[in-house]
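Enquirer: the following comprises the amino acid sequence and a computationally predicted model.
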Amino acid sequence: MAVISMGADAAAAALPSDLRHRLAATVELEPDLIAPDPPAPYAPDALARTEILLTGWGTPPLDATALDRAPRLRAVVHAAGSVKQHLSPEVWERGIAVSSAADANAAPVADFTCAAITLAAKRALSSAARYETGRPSLADRQGADGRTIGIIGASRIGRLVIARLAAHDAEFRILLTDPYLSTADAQALGTELVSPDELCRRSSIVSIHAPQLPETHHLLNAHRLSLIPDGGTVINTARGSLVDTDALTRECATGRLDACLDVTDPDPLPAGHPLLALRNVLVTPHIAGAQGSEVRRLGAYAVAEVERLVHGRPLLGRVTAADLPRMA
């Protein structure tokens, strides 16, 4: 028995009727959702017959209490990215397989990031802000050269961004900072491994692709933001807490830096927050990896994982307990 546990809107977008029919051809599918909107703890009998749980946005936490009500559960297949928000360590301790559609989520985020980098290289936001007072002069367009890109985190998405940049324009210089990477690893990716401070000092565009961890909180703090050259741009499609929002607001308010933020801290920003009024800052509501048909892509990945599971094939998106400390 497979059960869909996510918010109604998320289920409709990720698992439309054609994907549900495909699921039903492989497993016995419970027709009703078992996650209310907003999510609440699982009902006592909701998990009793569940062998495969398909989760997504709006899934209730799967903690020890819920697991006790799911004696037959053998797999959790997540039709989204991170699983850390709803799965407790007991899931892995009980030998339950876990899969995430993070691979399907990564490509759109990388595409979004590269589009933002292209705009940043032209200082498009600042130029647009000045347009109403007259076309920017050549002098206005000087400053950051737009060719040295600093990538924070050689994550799944970070690596895709690096590969896309390398294919797009051989003139890009790519700096990389990641504590888990060796110099040789970075060279193999076509990048130069540097410290976070050096990356900020040398990069005209800084793009963040690291996980949200205690040690990455305010990774871009006031000091590191001050190191980014005048005319630089900060791009964040990872987690809002990696950037000191107050410090970034001050830098952008002076016009010294631009920013493209798909995530913020807090998320969402409260109404009237200064960042929302700045013409050289673009704030989007976490759309980089899941907008329109991209949500369906996550569901299709999850359905394919269920098919692989049922037919005894390896899960492509398998998440192990050892992966958790470095995951977003």
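Expert: Right, received. Where do you want to start? Numbers count the residues shown, from 1 in each chain.
Enquirer: Ile235 falls within a strand, correct?
Expert: Yes. In this structure, Ile235 lies within a strand as judged by DSSP: H, G, I helix; E, B strand; the rest coil.
Enquirer: and the closest residue to it other than its chain neighbours, what pLDDT?
Expert: Spatially, and ignoring its direct neighbours in sequence, Ile235 is nearest to Ser207 (4.3 Å; C-beta to C-beta, 6 or more residues apart in numbering). For glycine as for every other residue, the C-beta is placed from the backbone atoms N, C-alpha and C. For Ser207, the pLDDT comes out at 98.
Enquirer: identify all contacting residues around the helix or strand containing Ser207.
Expert: Here Ser207 is covered by strand 205-208, with elements defined by DSSP states H and E. The contact list for strand 205-208 (C-beta atoms under 8 Å, 6 or more residues apart in numbering) reads 113, 116-117, 120-121, 144, 146, 148-153, 158, 161, 199-200, 219-220, 228, 232-238, 242-243.
Enquirer: buried residues in stretch 167-186?
Expert: Across stretch 167-186, burial judged by 16 or more other C-beta atoms under 10 Å covers Phe172, Ile174, Leu175, Leu176, Thr177, Asp178, Leu181, Ala186.
Enquirer: actually, stretch 230-240.
Expert: Using 16+ other C-beta under 10 Å as the test for burial, stretch 230-240 gives Gly231, Gly232, Thr233, Val234, Ile235, Asn236, Thr237, Ala238, Arg239, Gly240.
Enquirer: SS state for the residue nearest to the spatial centre of the chain?
Expert: Compute the mean C-alpha point of the chain, and by C-alpha atoms, centre = their mean the closest residue is Ala238, 4.7 Å away. Under three-state DSSP, Ala238 falls in the coil class.
Enquirer: can you pull the contacts of it?
Expert: With contacts defined as C-beta under 8 Å, 6+ apart, Ala238 is in contact with Gly153, Ser155, Ile157, Ile208, His209, Ala210, Pro211, Gln212, Val263, Ala328.
Enquirer: next one: the worst-scoring helix or strand of the chain on mean pLDDT to chain centre, how far?
Expert: Here the helix or strand of the chain ranked lowest by mean pLDDT, DSSP states H and E is helix 124-131, holding a mean of 85. Between the centre of helix 124-131 and the centre of its chain there are 27 Å (C-alpha atoms, centre = their mean, to the nearest Å).
Enquirer: next SSE downstream of it?
Expert: Next helix or strand after helix 124-131 toward the C-terminus (DSSP H and E): strand 148-152.
Enquirer: tell me what the following helix or strand past that following strand is packed against?
Expert: The helix or strand immediately downstream of strand 148-152 is helix 156-168, counting by DSSP H and E. Here helix 156-168 touches helix 102-121, strand 148-152, strand 173-177, going by 3 or more C-beta pairs under 8 Å, 6 or more residues apart in numbering; DSSP states H and E.
Enquirer: CSV for those, including mean pLDDT and distance to Val76?
Expert: Formatted as CSV, these follow (pLDDT from 0 to 100; distance: least, C-beta to C-beta, whole Å):
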stretch, mean pLDDT, distance to Val76
helix 102-121, 94, 14
strand 148-152, 97, 30
strand 173-177, 96, 33
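Enquirer: hmm, back to that, dump the contacts of Ala238 into a markdown table; add neighbour count and distance to Ser127 as well.
Expert: Shown next, in a markdown table, are these (neighbours: other C-beta atoms under 10 Å; distance: C-beta to C-beta, whole Å):
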| residue | neighbour count | distance to Ser127 |
| --- | --- | --- |
| Gly153 | 26 | 29 |
| Ser155 | 23 | 31 |
| Ile157 | 29 | 27 |
| Ile208 | 26 | 23 |
| His209 | 28 | 26 |
| Ala210 | 25 | 29 |
| Pro211 | 18 | 33 |
| Gln212 | 18 | 32 |
| Val263 | 21 | 24 |
| Ala328 | 21 | 32 |
